[in-house]
Structures are given as C-alpha cells and as structure tokens.
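In: Show me how the following folds:
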Amino acid sequence: MLLVSLATMANRYSASMESAAIYYVTLANAPCALIWLEREYKEHGLRVPDSHLKVRYQVSNASFPFRIKRGTEVPLESELFWYYSQEEFLTVGVIKGEHLGLEPGIRLGIDCIPHGHIGTVMALVYPRNKEPLSGIDTSHRTM
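Out: This next block holds a predicted model:
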C-alpha cells in the first residue's frame with residue numbers, strides 16, 4: 001500500500017500523485033518501476049470498458065532489471081484486474097512477468113492505485129524479494 005501513502009503525501013504537499021510516485025521511484029534504494037496503465041479508447045474518445053489495460057509508460061530506477069514496453073497489453077485474465085463498473089482493482093500482490101510482456105517465470109510484486117479517471121491505473125512493480133520501503137512518513141512536520 002505504498003502508493004496510498006504516496007497519495008497522502010502528495011495531497012499534503014499539493015503535489016500531483018504522478019510526480020510524487022516518479023520522485024519516489026527515482027530515489028528508492030530498492031529496484032522498482034512505476035508503470036501507468038490505461039484502457040483503450042474508441043474513435044470518439046470514450047474508453048472501452050472491457051478492454052485490456054495497456055502500458056502508457058514506465059519510469060524505473062537504475063537498479064530495476066526489466067523494461068516494460070509502451071503499448072504492452074495486460075490481459076484481462078491477469079492478476080492485475082480492473083472492473084470498470086465496480087471500480088475494483090488489485091491493490092497489492094504478485095503479477096506474472098508475461099502479463100507485462102516479460103519472460104515467463106518472472107514474478108513481480110505489484111502495488112496499484114486508480115489514478116485520475118476510471119480505467120487508469122498507476123502501479124509500482126518490483127522484484128518480489130526486494131520490496132521497496134512501505135513506511136513513508138506522512139505526518140506533518142514543521143521546522
């Protein structure tokens with residue numbers, strides 16, 4: 001639930017969730033990456049409710065060993081799911097590497113949060129044995 005802590009911190013300091021997550025990833029001492037996933041659009045600009053999620057971009061730190069390509073489709077049957085009408089999604093768990101376009105046999109830890117409008121997900125991925133710190137201090141401190 002690291003992304004929930006980041007959302008709290010971003011709100012407290014009037015930063016965007018996206019910028020807070022990117023900043024965290026670039027400073028993390030454990031290998032991790034932020035991936036932005038979106039549903040497909042129809043020609044008229046409306047989202048397709050039951051479409052695959054597609055990777056829009058990846059931001060990773062230097063120690064993250066994988067490259068998740070833009071446009072990779074995450075299948076609906078993957079561990080990462082999003083029900084459009086119920087707004088449900090996997091928050092924390094494990095995802096198969098092949099569901100992110102990586103080699104079979106790879107398993108990554110994943111922490112997800114919906115972002116912006118329905119059908120958009122921000123996900124923090126990391127090797128399962130190297131989970132990033134989840135204890136972000138969101139308390140307000142003054143000098």
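
In: got a list of what Arg107 touches?
Out: 94-97, 128 (C-beta atoms under 8 Å, 6 or more residues apart in numbering). The C-beta positions use only the backbone N, C-alpha and C, and glycine is treated the same way.

In: partner residues bridging it?
Out: Lys96 (DSSP bridges).

In: and of the contacts of Arg107, the nearest to Ile113?
Out: Ile95 (14.6 Å; C-beta to C-beta).

In: Hmm, the closest one is touching Pro127, no?
Out: No: at 11.8 Å, Ile95 does not count as touching Pro127 under the criterion of C-beta atoms under 8 Å.

In: Those two: which is more packed in?
Out: Remark: of Ile95 and Pro127, Ile95 carries more neighbours, 22 against 17, as counted by other C-beta atoms under 10 Å.

In: all strands of the chain, in order?
Out: 33-39, 53-60, 73-74, 82-83, 88-89, 92-96, 107-114, 120-127 (DSSP state E).

In: can you put those in CSV and add mean pLDDT and distance to Tyr13?
Out: As requested, these are exported to CSV (pLDDT from 0 to 100; distance: least, C-beta to C-beta, whole Å):
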stretch, mean pLDDT, distance to Tyr13
strand 33-39, 88, 18
strand 53-60, 92, 19
strand 73-74, 86, 31
strand 82-83, 47, 28
strand 88-89, 56, 25
strand 92-96, 83, 24
strand 107-114, 86, 17
strand 120-127, 88, 18
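
In: how about those in JSON lines, adding distance to Arg67?
Out: As requested, those are exported to JSON lines (distance: least, C-beta to C-beta, whole Å):
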{"stretch": "strand 33-39", "distance to Arg67": "9"}
{"stretch": "strand 53-60", "distance to Arg67": "7"}
{"stretch": "strand 73-74", "distance to Arg67": "15"}
{"stretch": "strand 82-83", "distance to Arg67": "23"}
{"stretch": "strand 88-89", "distance to Arg67": "24"}
{"stretch": "strand 92-96", "distance to Arg67": "16"}
{"stretch": "strand 107-114", "distance to Arg67": "13"}
{"stretch": "strand 120-127", "distance to Arg67": "12"}
